[in-house]
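>>> I'll drop the sequence and a predicted model, then ask my questions.
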Amino acid sequence: MNPPPATVGSWRAILFYVLMIAAAVGLFLAVRGHGETLAALPANEGSAAKVESAPSGSDAIRHVLLAMAAVILTGYALGRVFACVGQPPVIGEVMAGILLGPSLLGRETSAIILPPSIAPYLGVIAQLGVILYMFLVGLELNLSRLRGRAQATVTIAHTGIVVPFLLGAGLALWLYPRYSQSGVPFTSFALFIGIALSITAFPVLARILSDRRMARSELGVLSLGCAAMGDVTAWCLLAFVVGVTQAKVGGAVAVAGLALGFIALMFLIVRPMAACFVRRTGDGPLSTGAITLVFTGVLLSALATEAIGIHAVFGAFLLGAMIPHDSAIAREFTHKLENVVSVLLLPAFFAYVGMRTEIGLLAGWTNWLVCGVIILAATAGKWGGTLAAGRLTGLDWRTSASLGVLMNTRGLMELIVLNIGLDLGVISPTVFAMMVIMALATTLATTPLLILLERKDGSASRGVEEARASELMAQ
């Protein structure tokens, strides 16, 4: 007797998933084998400009306060402008840092607002802001959404990572001899380019769906589930890549082992403890002791992953994911921290990114052509991979295409990854600038493309209206 259609579809998806992972590993090893034979530029070419010595005392405080005030106000103004045209305000905030940096104003004028000498101070504030931001991202993860369509979600999310990752690794064969340095191993460079093309910005995606009142629609729930699963997977991959970059083969294996041990510790011990802690605190206001304990946990978790060698943001993100998203702790921390982090601390990160982004490094049509190829590869990989997986799991063409558009959103998460790569010296300032432009371009394209697909599909528009009506009734 033939198995039921659902079983056939299930086995087909499982077989596709296994073959996809096997093919991805084989293709990457082939790319790596050829890439290790390539020669990069001499170490002194493409290096970052020298940073002035940091000021001390009141001079440093004045410079930092002026820089943050300028970026906050500019980011707010640009965010309102972008919001008026249907774009997420975070685009305006990112643009504020870039516009106040050397890309638009030039080094001399930009140094009045963002002098290079304050980079160490601004960097510390930026890292603290990103750590707290990633903790909030972890708190927003609703893994229960994945249970109903866990198989489809995993297949779509991982295909949407594997395809752009392979395209990025292949692209590294072209970029490495032209933009990397001789001290950077090809494997580290290819892994980082692949990860950079694979990222989806879960928080920005959630904001877009909320603004369009699609968060409760079938497409919205599926896209948030895929983005959540993709974020977890991408950050685990990033942790491994950072470990490979910071250590030799033996050290990388040790870092990977410690990272897996830390993840197991979080799931097997910290997660049950967090659930018990949530039950004990109840739904009432949190005590000062409870708030102190959570903040201490965030900092220690970030410190542990930094000590392991996989960056502090991963620890903060993972701890946030261990706390039930619908608990009083998650709600209160999100409510109290969201504005402080997004309005006060993240602008320091945007200013830091702006100081490090020099679009002038892309002078010449060749560099802009390379930037265009990067944007095309990132879009084709993310959209094409998600579209194919969506069709394989039974979604119609329009829904699969819309899901691919949503998964192509990168935003702030991409900038965090790129800054890690620049800090480690894996990517050059020129590649960093290209990738920043790619992150902005792919995020800007999300809303217009989504609107275009909705207009061509009446059922999608009706689905959005039904979701809006259900939200209004719930209110």
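Structure received. Numbering: from 1, shown residues only.
>>> CA only for contacts and neighbour counts going forward, please
OK.
>>> For stretch 373-385, list every residue counted as buried.
Neighbour counts using 16 or more other CA atoms under 10 Å place Ile374, Ile375, Ala377, Ala378, Thr379, Ala380, Gly381, Lys382, Trp383, Gly384, Gly385 of stretch 373-385 among the buried residues.
>>> Please narrow those residues to those residing in helices.
Ile374, Ile375, Ala377, Ala378, Thr379, Ala380, Gly381, Lys382, Trp383, Gly384, Gly385 (DSSP state H).
>>> Pretty sure the first one sits against Met438.
Yes - Ile374 sits in contact with Met438 when judged by CA atoms under 8 Å, with a separation of 7.0 Å.
>>> so Ala39 sits in a helix?
No - looking at Ala39 with DSSP: H, G, I helix; E, B strand; the rest coil, it is coil, so not inside a helix.
>>> Look up phi and psi at it.
phi -110, psi 130 (degrees, to the nearest 10).
>>> Then Ser428?
phi -80, psi 160.
>>> quick one: it and Gly390, what's the gap?
Separation of Ser428 from Gly390 (CA to CA, to the nearest Å): 35 Å.
>>> what about the two, which has more around it?
Remark: of Ser428 and Gly390, Gly390 carries more neighbours, 27 against 21, as counted by other CA atoms under 10 Å.
>>> Help me confirm that that one is found in a helix?
Yes - counting by three-state DSSP, Gly390 is part of a helix.
>>> could you list every residue that touches it?
Going by CA atoms under 8 Å, 6 or more residues apart in numbering, Gly390 touches Ala152, Ile156, Asp396, Thr399, Ser400, Leu403.
>>> What is the least confident helix or strand in this structure?
Of all helical and strand segments in the chain, the minimum by mean pLDDT, DSSP states H and E falls on helix 458-474, at a mean of 44.
>>> Quick one: neighbours of the closest residue to Ala152 other than its chain neighbours, just the number.
Distances taken as CA to CA, 6 or more residues apart in numbering place Thr393 nearest to Ala152, at 5.8 Å, with adjacent residues excluded. Applying other CA under 10 Å, we find 19 residues neighbouring Thr393.
>>> And Thr393, how far from Phe202?
With CA to CA as the criterion, Thr393 and Phe202 are 22 Å apart.
>>> likewise Gly320?
For Gly320, the distance to Phe202 equals 14 Å [CA to CA].
>>> got it, and Val163?
19 Å.
>>> Give me the most central residue, the protein.
Centroid check for the chain by CA atoms, centre = their mean gives Met413 as the closest residue, at 2.4 Å.
>>> Identify the residue spatially nearest to it, adjacent ones excluded.
Ala201 is the one closest to Met413 (CA to CA, 6+ apart), at 5.2 Å.
>>> Could you do Val90 as well?
Gly79 (6.4 Å).
>>> ok, now Ala83?
Excluding the flanking residues, the one nearest Ala83 by CA to CA, 6+ apart is Pro89, at 5.4 Å.
>>> Isn't that neighbour up against Met95?
No - with contacts counted by CA under 8 Å, Pro89 stays clear of Met95, the gap being 10.0 Å.
>>> Please name the residues that touch the residue nearest to Met413.
Contacts of Ala201 were listed using CA under 8 Å, 6+ apart, and they are Ala227, Asp231, Thr409, Arg410, Gly411, Leu412, Met413, Glu414.
>>> can you pick the most crowded of the residues you listed?
Result: Thr409 is most packed of the contacts of Ala201 (other CA under 10 Å), 31 neighbours.
>>> so the residue nearest to the centre of the chain is in which element?
Using DSSP states H and E, Met413 sits in helix 411-424.
>>> related to what we said a few turns ago, more crowded one of Val163 and Phe202?
Neighbour comparison, Val163 and Phe202: the larger count goes to Phe202, with 28 against 25 (by other CA under 10 Å).
>>> If I follow the layout properly, that one ends up in contact with Ala228?
Yes - Phe202 is within contact range of Ala228, at 6.3 Å (criterion: CA under 8 Å).
>>> Flag the shaky bits of the protein, pLDDT-wise.
Low-confidence segments of the chain (pLDDT under 70): 1-10, 43-58, 142-150, 203, 210-211, 215-216, 246-253, 456-475.
>>> if we can go back for a sec, determine which two of the buried residues of stretch 373-385 are furthest apart.
Pairwise distances across those peak at 16.0 Å for Ile374 and Gly385 (criterion: CA to CA).
>>> continuing past the host helix or strand of Ala239, what's the next helix or strand?
Ala239 is part of helix 218-246 when elements are defined by DSSP H and E. Using DSSP H and E, the helix or strand that follows helix 218-246 towards the C-terminus is helix 249-265.
>>> and that following helix, what does it pack onto?
Counting contacts by 3 or more CA pairs under 8 Å, 6 or more residues apart in numbering; DSSP states H and E, helix 249-265 packs against helix 218-246, helix 288-308.
>>> any idea which of those helices is most buried?
helix 218-246 (a mean of 22; mean count of other CA atoms under 10 Å).
>>> next one: that helix to chain centre, how far?
Its chain's C-alpha centre lies 8 Å from the corresponding centre of helix 218-246 when counted by CA atoms, centre = their mean, to the nearest Å.
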